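Visitor: With the input below, show me the fold.
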Amino acid sequence: MTATTTSTSQAHEKLWDLIKDTRFGMFTHRHGDGMLNSHPLTTQNKSVDEGATLYFFVPKDGEIASHIAQDNAVNVAYANTSSDSYVSVSGHAALLDDQAKKEELFNKMAEAWFPKGPTDPNLGLMTVRIDHAEYWDVDDSKMVQIFKMMKAAVTGTPPKDMGEHKKLNIG
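Guide: As a prediction, the model looks like this:
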């Protein structure tokens with residue numbers, strides 16, 4: 001895999017292409033004692049906007065909201081094993097007080113957690129402003145991947161051309 005950087009608009013498009021079909025991201029934040037903790041969250045976006053922002057619904061009175069108020073540096077990791085694509089997004093989280101945006105993004109999945117709907121006073125809209133992202137995207141079939149790994153094991157040379165790997169500086 002090769003690591004390079006790319007333009008901002010291409011970066012947004014590629015990131016969204018890799019994220020959009022992955023239902024859950026593992027959202028990682030830091031506790032006050034320095035320990036990292038992860039939660040599965042559903043990305044609410046329909047695309048990555050020009051501000052490179054991801055949106056998530058969280059309880060305002062919950063652990064995530066409490067911890068990002070103290071340390072807003074976060075990571076969201078996406079793994080789509082069926083398409084062999086993996087994304088790691090680093091950025092900064094905040095709660096956004098935007099009722100119109102809540103109503104725009106609210107859906108049946110969110111209703112399962114917030115049955116009072118988009119006007120639920122405990123419904124928090126968390127944003128993650130993407131500063132940096134890294135992805136791995138493999139186009140080869142499983143058989144081709146296995147062949148490359150077997151060849152590497154026999155020759156003692158690490159496998160080459162196992163897919164695309166890029167680092168993106170967004171923010």
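
Visitor: Tell me where the protein has strands.
Guide: 24-30, 36-42, 53-59, 73-80, 85-96, 123-137, 164-169 (DSSP state E).

Visitor: if you average pLDDT over each of these, which comes out lowest?
Guide: In terms of mean pLDDT, the lowest-scoring of the strands of the chain is strand 164-169 (a mean of 66).

Visitor: quick one on the thing from earlier: output the strands of the chain as JSON lines; include the columns mean neighbour count.
Guide: In short, each C-beta sits where N, CA and C put it, glycine included. Formatted as JSON lines, the entries for these read as follows, by neighbours: other C-beta atoms under 10 Å:
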{"stretch": "strand 24-30", "mean neighbour count": "19"}
{"stretch": "strand 36-42", "mean neighbour count": "14"}
{"stretch": "strand 53-59", "mean neighbour count": "20"}
{"stretch": "strand 73-80", "mean neighbour count": "18"}
{"stretch": "strand 85-96", "mean neighbour count": "19"}
{"stretch": "strand 123-137", "mean neighbour count": "20"}
{"stretch": "strand 164-169", "mean neighbour count": "17"}
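
Visitor: can you redo those strands as JSON lines with distance to residue 113?
Guide: As requested, those are arranged in JSON lines below (distance: least, C-beta to C-beta, whole Å):
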{"stretch": "strand 24-30", "distance to residue 113": "13"}
{"stretch": "strand 36-42", "distance to residue 113": "9"}
{"stretch": "strand 53-59", "distance to residue 113": "7"}
{"stretch": "strand 73-80", "distance to residue 113": "18"}
{"stretch": "strand 85-96", "distance to residue 113": "16"}
{"stretch": "strand 123-137", "distance to residue 113": "9"}
{"stretch": "strand 164-169", "distance to residue 113": "30"}
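
Visitor: Quick one, which of those gets closest to residue 67.
Guide: Residue 67 lies closest to strand 24-30 among these, at 4.9 Å (C-beta to C-beta).

Visitor: got the contact list for the most centrally placed residue in the chain?
Guide: The geometric centre of the chain, computed from its C-alpha atoms, lies nearest to residue 76 (C-alpha atoms, centre = their mean), at 4.1 Å. With contacts defined as C-beta atoms under 8 Å, 6 or more residues apart in numbering, residue 76 is in contact with 25-28, 41, 43, 54, 88-89, 91, 128.

Visitor: If anything else comes up later, I'll come back, but that's it for now.
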